[in-house]
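*Asks:* Need coordinates for the following:
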Amino acid sequence: MRSNFALYFVLLLLTGLAACVPPEKKVPANQLVNLDLADKDVQHLYNLRDQGRTDSLVSYLSHKAATMRYLAAMAFASVRDSNAIEPLVPLLKDTVEEVRIAAAFALGQIGSLRAEQPLLDAFRRDDSLSQHQRFNAIVLEAVGKCGSLERLKQIASVITYYPSDTLLLEGQCRAIYRFGLRKITDPSATARMVGYVFNEDIPASARLMAANYLARAPGVVPDSAQAVQLAAAFVRSGDPDIRMALARALGKSKTGPAFAILSKVIKTEQDWRVKCDLINALEGFEPDTVRALVSPFFQDVNPHVAHTAANFFVKNGRREDGDYYWRIARDNPELDWATKIALYRASYKWMSGRTEPEKKEYLNYRLRDFFVKSNNPYERAAVLSALTEFAWQFRWIYDKGMQDTSLVVKTAAAEALVQICTRDDFYYIFGEKGRSVRRELFVYLMEIVKSGDSGMIAATADGFCAPTLNYKSSVDTSDLNTLNRALQKLQIPRDYEAALALKKAIGCLSNDQQAAAPPKIPYNHPIDWKQVNKLNQTMRVEIQTPKGKISLQLYPVWAPGSVANFLNLAESGFYNGKRFHRVVPNFVVQGGCPRGDGYGALDYSIRTEIGLAWYDDEGYLGMASAGPDTEGTQFFITHSPTPHLDGRYTIFGKVTQGMDVVHKLQVGDKITKVVVQ
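*Replies:* Numbering: from 1, shown residues only. Predicted structure coming up:
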């Protein structure tokens, strides 16, 4: 873990501050923050957060016990109710620093400009002994989540921090990064981040955030001179986490110096995650050279790299290379199915059906043959997605998808039809048949909705809103009635994602925004405190797969509801045999879906739980969701730092052993079981 924040707070809150206080200055017990999860009062505050009871939580902000004030303040990092801003502000001056930190963190999470000035006023400028750096760092990041452009300029202008001021530098960089994610940027901030990345005296945790700002902030494009500095930083850095972010930043630059370093280091980079980002960073550069650089990675020993290279040309191929990609797949039978299908898809997309109809038909035959012969539903699903590149295959996609016994394939067929519906060139492709195909696709979409299958409904609903097809101009009352009947049959919270998508479709077709409002989930599935308190330091939690074992440390202090839920599911055997249905190279592996397609859930939901933990390293265990407070059974593990997920997705644990196994996992790999003992 790069940041010391999370580890510090876990240890602090579990043990209290007594050990840090000299005997002659013993602090009263009610002024210590001590989170004993077996304590009924502590549980009560977590329960209030879980239930979203703002009024009750506000009343605890003035409690005489620091633990209660702390928990009430931290609750608003998850609840994010702007009505709590004014009651939280006095806690920025609390006598207990942990309470001040909780208040600042929560105000940042709420994200209102109203919190900007109180946060700035609370910053401890008199901290000559560096006793309040943790608090000041949290304040800086919080301002980045809620502040104005003027505050960004002010924070970026600070040059008084020494390299030894790790927390302050990290806080400054986090602040500028949070501004950037909110599309609030300034040349002075970009220059500061470039300077920090270039300066190896700056702590790695701060340089990581600076590099991620350059990689992810919309509208931030390093110029030629800055690209030279970033290139030097890339070459010098021994940290793959920083290199991967720098690769993305250089890819945004599109300058000569950027291409010079990318084209050089891609040949020698050893970390597979950095390779993936280097490949993607080459988008938009000179096509002939890029093809020569990326093509060798089709046969990389790491399948993540091979998949990334093949999919690069699905997105960035050229018409003149249409006959090239599929031949690589044909001539290299050892390639795995995902790489082969991506290469066929690239040719299928870029080869002209008008000038090379026979070759196009051959590719069509090959992809269909993959589908028919495959026993792997994820392979069949990938084929259906690939066939969308020749949109005339919509009938075959529908027929085969609906006939398939696998929910994974059925949902993939629905997604494929939506891909066709939403093509900007729809009428160019179908020509004079466009209007009849439009009607035919509408019938298919309606039939899927009538099926009542929640996963297919969730995948299909966006097709009704396809701008080019403008279905709302021709929909009638009976169609809307059919959609509403289907909506009424869905069960909340299990079918939340389908209901959300279907309400959006109804709102779009009826031109009624109120109809598109997200469905409300009644409170359900309270925290199982008996399960939480069974967890101890000697308990082993392990995900077992055919590729190896993954050992986990769980974080009940930050996410007791998520931890209890995971343990209950594990002990019941729910995860046994489930698949990792989603794998994004150098991002996440995701599993735990009861359907296997990413749209599944059980008949309950749990809430989003945000604590003082950050996605600043590989191996974090997070809860997947369809929006705030919609979590259930699905979880993910990160391949690398993903700070753009901070404050939005529950962190409830971390991999302690077995990251090599996580890095081996591919789509369709099985969870043998999750062991808790």
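
*Asks:* Not counting its neighbours along the chain, what's nearest Pro518?
*Replies:* Counting by CB to CB, 6 or more residues apart in numbering, Pro518 lies nearest to Leu500, which is 5.6 Å off, once chain neighbours are set aside. To be clear about C-beta, it is placed using only N, CA and C from the backbone, and glycine gets the same treatment.

*Asks:* Which strands and helices lie in contact with the one helix or strand the one you found maps to?
*Replies:* Secondary-structure assignment from DSSP states H and E places Leu500 in helix 496-510. When contacts are defined as 3 or more CB pairs under 8 Å, 6 or more residues apart in numbering; DSSP states H and E, helix 496-510 sits against helix 454-460, helix 477-489.

*Asks:* Would you mind listing where the chain has pLDDT under the threshold?
*Replies:* 1-25, 353-354 (pLDDT under 70).

*Asks:* Enumerate the strands of it by residue range, in sequence order.
*Replies:* With DSSP state E as the criterion, the chain has strands at 541-545, 548-554, 580-584, 588-591, 620-623, 635-638, 651-657, 673-676.

*Asks:* Check which residues of the second one are buried.
*Replies:* Residues of strand 548-554 classed as buried: 550-552, 554 (neighbour count, 16 or more other CB atoms under 10 Å).

*Asks:* okay if I get these as CSV plus distance to Ala381?
*Replies:* Shown next, in CSV, are these (distance: CB to CB, whole Å):
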residue, distance to Ala381
Ile550, 25
Ser551, 31
Leu552, 29
Leu554, 32
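
*Asks:* which one of these sits closest to Asn47?
*Replies:* For those, the minimum distance to Asn47 (CB to CB) is 19.2 Å, reached by Leu554.

*Asks:* ok so, going back, is it true that the residue nearest to Pro518 touches Tyr599?
*Replies:* No: with contacts counted by CB atoms under 8 Å, Leu500 stays clear of Tyr599, the gap being 11.1 Å.

*Asks:* one step back: quick one: residues in contact with the helix holding Leu500.
*Replies:* With CB atoms under 8 Å, 6 or more residues apart in numbering as the test, helix 496-510 has contacts from 449, 454-455, 457-462, 464-465, 471-472, 475, 479-480, 483-484, 486-487, 490, 492, 512-519, 521, 599, 601, 605, 626-627, 630.

*Asks:* same thing with stretch 348-361?
*Replies:* Applying CB under 8 Å, 6+ apart, the contact partners of stretch 348-361 are 313-314, 317-319, 321-323, 325-326, 363-364, 367, 386-387, 389-390.

*Asks:* where along the stretch 1-150 of the chain do the helices fall?
*Replies:* For the stretch 1-150 of the chain, the helices defined by DSSP state H, counting those that start in this stretch cover 5-15, 40-51, 54-60, 66-79, 85-88, 97-110, 116-122, 133-146, 149-156.

*Asks:* With mean neighbour count and distance to Val674 as extra columns, can I get those helices in CSV?
*Replies:* Shown next, in CSV, are those (neighbours: other CB atoms under 10 Å; distance: least, CB to CB, whole Å):
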stretch, mean neighbour count, distance to Val674
helix 5-15, 17, 22
helix 40-51, 18, 23
helix 54-60, 17, 33
helix 66-79, 26, 25
helix 85-88, 17, 38
helix 97-110, 26, 30
helix 116-122, 18, 41
helix 133-146, 25, 33
helix 149-156, 17, 43
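
*Asks:* For Ala461, see how far away the residue nearest to His644 when sequence neighbours are not counted is.
*Replies:* The shortest distance from His644 to any non-neighbouring residue, by CB to CB, 6+ apart, is to Arg216 (5.9 Å). Here the criterion is CB to CB, to the nearest Å. By it, Arg216 lies 29 Å from Ala461.

*Asks:* ok, back up a step: how many neighbours does the residue nearest to Pro518 have?
*Replies:* Residues lying near Leu500 (other CB atoms under 10 Å) number 21.

*Asks:* From here on, call the first residue 898.
*Replies:* In the new count, where the first residue is 898, that last one comes out as Leu1397.

*Asks:* What sits closest to Gly1077 if chain neighbours are left out?
*Replies:* With sequence-adjacent residues excluded and distances taken as CB to CB, 6+ apart, Gly1077 is closest to Ala1114, at 2.9 Å.

*Asks:* now swap in Phe973 and tell me
*Replies:* In space, Phe973 is closest to Ala1003, 3.9 Å off (CB to CB, 6+ apart).

*Asks:* was I right about Pro1154 contacting Ala1129?
*Replies:* No: if you go by CB under 8 Å, Pro1154 and Ala1129 don't touch, sitting 9.7 Å apart.

*Asks:* quick one: which of those two has more around it?
*Replies:* Just comparing Pro1154 and Ala1129: by other CB under 10 Å the higher neighbour count belongs to Pro1154, 20 against 14.

*Asks:* wait, what's in contact with the residue nearest to that one when sequence neighbours are not counted?
*Replies:* Nearest residue to Pro1154 in three dimensions, chain neighbours excluded: Ala1124, at 4.2 Å (CB to CB, 6+ apart). Residues counted as contacts of Ala1124 (CB under 8 Å, 6+ apart) are 1147, 1150, 1152, 1154-1155, 1158.

*Asks:* where's Ala1124 relative to Asn1177, distance?
*Replies:* Relative to Asn1177, Ala1124 is positioned 17 Å away (CB to CB).

*Asks:* Could you do Gln1428 as well?
*Replies:* For Gln1428, the distance to Asn1177 equals 41 Å [CB to CB].

*Asks:* and what of Leu1016?
*Replies:* Leu1016 is 36 Å from Asn1177, where distance means CB to CB.

*Asks:* quick one: contacts for the nearest residue in space to Ala1498 that is not next to it in sequence?
*Replies:* Using CB to CB, 6+ apart and skipping residues adjacent in sequence, the residue nearest Ala1498 is Gly1529, 4.2 Å away. Contact analysis of Gly1529 by CB under 8 Å, 6+ apart lists 1390, 1462, 1498-1499, 1501-1503.

*Asks:* What is the most widely separated pair among those?
*Replies:* It's Pro1390 and Asn1462 that sit farthest apart of these, by CB to CB, at 13.0 Å.

*Asks:* before we move on, the earlier item: which of the strands of the chain sits closest to Asn1273?
*Replies:* Of all the strands of the chain, strand 1477-1481 sits nearest to Asn1273, with 12.3 Å by CB to CB.

*Asks:* Show me which positions of the closest one end up buried.
*Replies:* 1477-1480.

*Asks:* cool, stretch 1086-1093 as well?
*Replies:* 1086-1087, 1089-1091, 1093.

*Asks:* do the same with stretch 1422-1430
*Replies:* Residues of stretch 1422-1430 classed as buried: 1422, 1424-1426, 1428-1429 (neighbour count, 16+ other CB under 10 Å).

*Asks:* Let me know the closest of the residues you listed to Gly1458.
*Replies:* Using CB to CB, the buried residues of stretch 1422-1430 come closest to Gly1458 at Ile1424, 4.4 Å.

*Asks:* Pretty sure Pro1457 is one of the things that closest one touches, is it not?
*Replies:* Yes: applying CB under 8 Å, one finds Ile1424 in contact with Pro1457, separated by 5.3 Å.

*Asks:* Which residues are in contact with each of these two?
*Replies:* Joint contacts of Ile1424 and Pro1457 (CB under 8 Å, 6+ apart) are Tyr943.

*Asks:* how near is the nearest residue to Asn1381 once chain neighbours are set aside to Asp1376?
*Replies:* In this structure, Asn1381 finds its nearest non-sequential neighbour in Ile1403, 6.6 Å apart by CB to CB, 6+ apart. From Ile1403 over to Asp1376 the distance is 10 Å, taken as CB to CB.
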